[in-house]
Each structure stands twice: as structure tokens, then as C-alpha cells.
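Asker: Got a predicted structure here, sequence first:
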Amino acid sequence: MPCVRTVLCLLAALAAGGAVAFLGYCVYFDRKRRGDPAFRRRLRDKRRARHQKAEGRGAQLWDPAKNEKLQELFLQEVQMGELWLSRGDHRLGVEHLSNALLVCGQPEELLKVFKHTLPPKVFEMLLHKIPLICQQFETDMNEQEYLEDDRD
């Protein structure tokens, strides 16, 4: 009667051999798949489509001349910011002006205009709000990309 230790050694050897065979099978077919010209073409087409989609989304998002809705939003936010500042509510005014900065195609130029037109206290509040705006924008963009990747 074979000893238990011998049986266990044989089973372990068979399991290791099976694992090696399975790994070899996976490597063989993966190399075969990657070498297939049709697979490479599909992969290249998918990457191009994703790249063009990202470029189109970026151009649409940051070019107010091409996107009337962003332009309207920008003007609306500036007007609301001016309205709240004229009423004395600096917090809401800065909130709207920061939204205008977010959708503006040239935020540096807009900041220069704000620096010369806004009271120093309000401009300082706006400067303190900028990192929060950027952080919120990055979070929103990451969520949007995540949702779009889930659809693919």
C-alpha cells in the first residue's frame, strides 16, 4: 500500500504539471492573438476612436467660440456675480464669478480684468476660491470619464 506522503507528492506534482500546462496554453494563445493582424487593427481603431473622442470633448469644453451654450453660461454667471456683488452679497457674487472662470476660455485674462474691476477684498475671496474650483472640476471630469468608460 502506498504511503500517504508518496500519494501527496504525486498529487502535488500532477497539480504543478497541470498549472504549468495551463500557463503554457494561456501564453501560447495570447501570443497568437496578439500576432493576429485583425486583432492589431481592431486595437488600433479602438485607440484612435478613444483619442478622437477625448480631443473632441476637450475642444468642445474649452472653446467658447464653438459652443454657444458655454458662452451663454459664461455671460450669465458674470451677470449673476455682478448682481450679487452690487447687492452686497460677496459670497454669492464670488461663487458666480468663479463659475464664470471655470467655463472661460482664457481664465488668466479674465483674472486680470477681475483684478482691476473688483474690490481687493472680493478679488482676494475669488483667489481663495480658485483651488476649490479646480479640485471640483477635476472630480467632475474624473467621474464623467469613469461613466463614459463604463459605457464602452
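Answerer: Happy to help now that I have it.
Asker: quick one: the strands in the chain?
Answerer: Under the criterion DSSP state E, the chain carries no strands.
Asker: Show me where it dips below the pLDDT cut-off.
Answerer: Of all residues in the chain, those with pLDDT under 70 make up the ranges 1-2, 55-66, 137, 140-152.
Asker: one more time with 80
Answerer: 1-2, 53-68, 70, 105, 133-152 (pLDDT under 80).
Asker: Residue 11: neighbour count?
Answerer: Residue 11: 10 surrounding residues under other Cβ atoms under 10 Å. All C-beta spots, glycine's among them, are computed from the backbone N, C-alpha and C.
Asker: Please name the residues that touch it.
Answerer: Contacts for residue 11 (Cβ atoms under 8 Å, 6 or more residues apart in numbering) come out as none.
Asker: Report how many residues lie close to residue 103.
Answerer: By the criterion of other Cβ under 10 Å, residue 103 has 21 neighbours.
Asker: For the remainder of this discussion, apply numbering that starts at 32.
Answerer: Okay, using 32 as the starting number, the last item reads as residue 134.
Asker: Report the contact partners of it.
Answerer: 95, 101, 104-105, 108.
Asker: Need the buried ones from those selected in ChimeraX.
Answerer: Buried residues within the contacts of residue 134, by 16 or more other Cβ atoms under 10 Å, are selected in ChimeraX with:
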select :95,101,104,105,108
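Asker: Thank you kindly, that will do.
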